[in-house]
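Novice: sharing a model prediction with you, sequence too.
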Amino acid sequence: MKIWRITTYFITALATCLVTAIFAAEEAPKIRLNTVGYLPAKEKKASIAAECSRFAVVRVKDNEKVLEGTATGPALNADTDEQLYTADFSALKEPGEYQLDVTGVGKSAPFRVSGDVYNRPFYTVMRGMYLWRCGTAVKGTHNGNTFSHEACHLEDAWLDDVTGEHVRKDGAKGWHDAGDYNKYTVNAGVSVGAMFRAWEDFGPQIQKIRLDIPESGGKLPDFLAEMKWEIDWLLTMQAADGSAYHKVTTKQFGGFILPELETAPRYFTPWGSTATADFTAMTAMAARHFRPYDSDYADRCLEAAKKSYQFLKANPEYHKADQKGFNTGPYEAPDSDDRLWAAAELWETTGDAGVLADLETRIKSAQGKFDVKWDWEDVNNLGLFTYLFSKHPGRDEALLAQVRQSLLATADAIVKARDQHGYARPLGTQYSWGCNGSVARQTLNLCAAYRLSPKPEYLETALDTINYLLGRNGYGRSFVTGLGDRPPMHPHDRRSGGDDVVDPWPGYLVGGPHPKAADWHDIQDDYRTNEIAINWNAALIYALAAFIESSEQSGR
């Protein structure tokens, strides 16, 4: 029996590898566009990796031609070394399902034109956060498949590495961080920050979308109810002195099994100043966003934020978390940007003049500059957004002007990079670990700039982040599981690899190609390019929230 099981395992593994290799080796379609669809009044473009001239848009239901045009090009796209033509079919405004038919090349994947074209993707990606929940059973259905797991990691977590004693402290709830089942305070930071930013910027339209989570219909809007699952866990990460534990993890990464089957003990690691600053920012944001719905919970969050802020003031030097003995994600970086963000959010929540003075000192030290490319290791932008758009009085007008100018210059640089790229990629030719998340995160920069200076190119470039991620890229396919044409089928995700459903769990943005544009592989073992993570999903949530139905109706 044991030999049979081993043989079966290797046969299954070999078959999976062969299928994966075949799928990964498929030639990319020549017509590359957003395979989910477009808003009626916005730009619609495709990149074509073949010599062409004429194109038409045809309706899927009857193949009737509704628009004709001439492609422009070719132009060399340097990072993929392709001669690309561009088909501009922005004149197509009638809702419906269409294909692009390029003479001598063929037809594209189907796509929709509709004012609510991004509502369902937003729902799916937000449901991905629910399906990431730790400490509870989850269940969801997508495209006829049911995805579920039982309650997991109910003994989170042990304090051995903090106190030297084998004592359990509550560390339950929260989201699994990525393709693994661990939980990290620092990566929660940029994730929670981007999602709360979405609520601040687009709350009215977000609130109209029911997420079908267990809390739906309760006193909290669905979006905030999902956020609360993460904040509840974060509140367990604060030590009695106000410091924040860096992470809750196993000692080693676990295997590709469902989360309830991962029974290795999990531990708190000692505090770090980066984690403590991020904790301060997140709980301060939570305090003001939960205030209209649950004042007691808001009070709890605010007290936690104040306590950690005081701890940071008493411990002004960067303190690296002691992660000795752990081989899970380090998520370690210097804390100057995190302290800036912490001060910004606490000031915005309280209006405290002393905190504002601290914040402005830190902004001046950072020269008030926004960053084009940013992620968990650089949350400076989150603090600057809050400072810039605050309604509180008392800000330094000269500093405010400097920050405003930096934001507009950053947005202009993003637009320029988009204009110079054959797939209108807002990050241009920059590729790095998790760069798909960085592409999505450009929408925070661009939408903020649009609030200051409503240039159409800012919103069009923000939409190009979605276009790129959903198919207008060198692979001609969606980078989000369960969405669009030929989405990732083999993400580095332990649930997808450990269940018996053929399709992967839906609603997850994979990391994307790096170090070069051609270096993405739809292979489970390729965690470098095909893993999923909460920080990348959070950026995509913001991008989609900016363009769900009610934003289009209001003229955005």
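Specialist: Everything's here; your move. Computed from a predicted structure; not experimentally measured.
Novice: buried set for stretch 232-242?
Specialist: Neighbour-count burial for stretch 232-242 flags D232, W233, L234, L235, T236, M237, Q238, A239, G242 (criterion: 16 or more other CB atoms under 10 Å). C-beta coordinates here come from the backbone N, C-alpha and C atoms, glycine included.
Novice: show me what whichever strand or helix holds the second one is packed up against.
Specialist: Secondary structure from DSSP states H and E places W233 in helix 222-235. In terms of contacts (3 or more CB pairs under 8 Å, 6 or more residues apart in numbering; DSSP states H and E), helix 222-235 is packed against helix 119-131, helix 185-207, helix 273-290, helix 295-314.
Novice: okay, the ones you listed, which one's buried deepest?
Specialist: For those, the largest average neighbour count (mean count of other CB atoms under 10 Å) is found in helix 273-290, namely a mean of 28.
Novice: what separation do you get for N63 and G254?
Specialist: N63 is 50 Å from G254, where distance means CB to CB, to the nearest Å.
Novice: could you report the neighbour count for F147?
Specialist: Using other CB atoms under 10 Å, the number of residues around F147 comes to 21.
Novice: that one belongs to a helix, doesn't it?
Specialist: No - checked against DSSP: H, G, I helix; E, B strand; the rest coil, F147 lies outside a helix; its state is strand.
Novice: name the helix or strand for V248, please.
Specialist: Judged by DSSP H and E, V248 forms part of strand 247-249.
Novice: tell me the mean pLDDT for that strand?
Specialist: On average, the pLDDT along strand 247-249 is 98.
Novice: please parse this structure into its domains.
Specialist: Under the assignment automatic domain parsing, the domains of the chain span 31-113, 119-553.
Novice: pick the most deeply packed of the ones you listed.
Specialist: Each of the domains of the chain was scored by mean neighbour count; the highest is domain 119-553, a mean of 21, by mean count of other CB under 10 Å.
Novice: by contact count, what packs against the host helix or strand of A56?
Specialist: Assigned by DSSP H and E, A56 belongs to strand 54-59. Helices and strands touching strand 54-59, by 3+ CB pairs under 8 Å, 6+ apart, are strand 65-70, strand 96-102.
Novice: P487: what's it in contact with?
Specialist: Contact partners of P487, counting by CB atoms under 8 Å, 6 or more residues apart in numbering, are R477, S478, F479, V480, T481.
Novice: pretty sure the first one sits in a helix.
Specialist: It refers to R477. No - R477 is assigned coil when assessed by three-state DSSP, not a helix.
Novice: quick check: it touching L469?
Specialist: No - taking contacts as CB atoms under 8 Å, R477 lies outside contact range of L469: 10.4 Å.
Novice: hang on, Y85 in a strand?
Specialist: Yes - under three-state DSSP, Y85 falls within a strand.
Novice: tell me what it is bridged to.
Specialist: Listed by DSSP bridges, the beta-bridge partners for Y85 are I48.
Novice: spit out the contact partners of it.
Specialist: Shown in contact with Y85 (CB under 8 Å, 6+ apart): S47, I48, A50, E51, C52, A71, T72, G73, P74.
Novice: kindly indicate which of the residues you listed lies nearest A543.
Specialist: Ranked by distance to A543 (CB to CB), these are led by S47 at 19.5 Å.
Novice: and the gap between that closest one and A56?
Specialist: Using CB to CB, one gets 17 Å for the distance from S47 to A56.
Novice: the helices and strands packed on strand 54-59: which one's closest to K30?
Specialist: Closest to K30 of these is strand 96-102 (CB to CB; 7.7 Å).
Novice: where does pLDDT dip in this structure?
Specialist: Residues of the chain that meet the criterion pLDDT under 70 lie in 1-26, 550-556.
Novice: dump the residue contacts of the residue nearest to V66 when sequence neighbours are not counted.
Specialist: Nearest non-adjacent residue to V66, counting by CB to CB, 6 or more residues apart in numbering: V57, 5.4 Å away. V57 is in contact with K65, V66, L67, E68, F89, L92, Y98, Q99, L100, D101, counting by CB under 8 Å, 6+ apart.
Novice: need those in TSV (columns: distance to L384).
Specialist: Shown next, in TSV, are these (distance: CB to CB, whole Å):
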residue	distance to L384
K65	48
V66	44
L67	42
E68	46
F89	37
L92	38
Y98	40
Q99	43
L100	40
D101	46
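Novice: and these, which is closest to Y431?
Specialist: Among the contacts of V57, and counting by CB to CB, the member closest to Y431 is L100, at 26.9 Å.
Novice: list the contacts for the nearest residue to that closest one once chain neighbours are set aside?
Specialist: Leaving aside its sequence neighbours, L100 sits nearest to S108 (CB to CB, 6+ apart; 4.1 Å). The contact partners of S108, by CB under 8 Å, 6+ apart, come to P29, I31, L33, T35, A46, Q99, L100, D101, V102.
Novice: now do A298
Specialist: By CB under 8 Å, 6+ apart, the contact list for A298 reads A286, A287, R288, F290, R291.
Novice: where's the closest residue to the first one other than its chain neighbours relative to L388, distance?
Specialist: Nearest in space to A286, with sequence neighbours left out and distances taken as CB to CB, 6+ apart, is C301 at 4.2 Å. Applying CB to CB, one obtains 23 Å for the distance of C301 from L388.
Novice: before we move on, what about K45?
Specialist: As judged by CB to CB, K45 and L388 stand 31 Å apart.
Novice: which residues touch stretch 127-145?
Specialist: Residues from elsewhere that reach stretch 127-145, judged by CB under 8 Å, 6+ apart: 124, 146-154, 156, 172-176, 181, 183, 211-213, 226, 229, 233, 259, 482, 495, 501-503, 505-508, 534, 537, 541.
Novice: strands - which of those residues land there?
Specialist: T146, F147, S148, H149, K183 (DSSP state E).
Novice: which strand residues bridge the fourth one?
Specialist: Listed by DSSP bridges, the beta-bridge partners for H149 are V138.
Novice: could you pull up the contacting residues of it?
Specialist: Neighbouring residues of H149 by CB under 8 Å, 6+ apart: A137, V138, L258, P259, E260, R495, D499.
Novice: isn't E230 up against H176?
Specialist: No - using CB under 8 Å, E230 and H176 do not qualify as a contacting pair, with a distance of 10.7 Å.
Novice: let's see the helix holding W233 as PDB, backbone CA atoms only.
Specialist: As requested, the backbone C-alpha atoms of helix 222-235 are provided in PDB (Å, rounded to 0.1, in the frame of the first residue of the first chain):
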ATOM      1  CA  ASP A 222     -19.300  44.700   4.200                       C
ATOM      2  CA  PHE A 223     -16.000  46.300   3.300                       C
ATOM      3  CA  LEU A 224     -15.300  47.400   6.800                       C
ATOM      4  CA  ALA A 225     -16.500  44.100   8.200                       C
ATOM      5  CA  GLU A 226     -13.800  42.400   6.100                       C
ATOM      6  CA  MET A 227     -11.200  44.900   7.300                       C
ATOM      7  CA  LYS A 228     -12.200  44.300  10.900                       C
ATOM      8  CA  TRP A 229     -11.200  40.600  10.600                       C
ATOM      9  CA  GLU A 230      -7.700  41.800  10.000                       C
ATOM     10  CA  ILE A 231      -7.700  44.600  12.500                       C
ATOM     11  CA  ASP A 232      -9.000  42.200  15.200                       C
ATOM     12  CA  TRP A 233      -5.800  40.100  14.600                       C
ATOM     13  CA  LEU A 234      -3.600  43.200  14.600                       C
ATOM     14  CA  LEU A 235      -4.900  44.200  18.000                       C
END
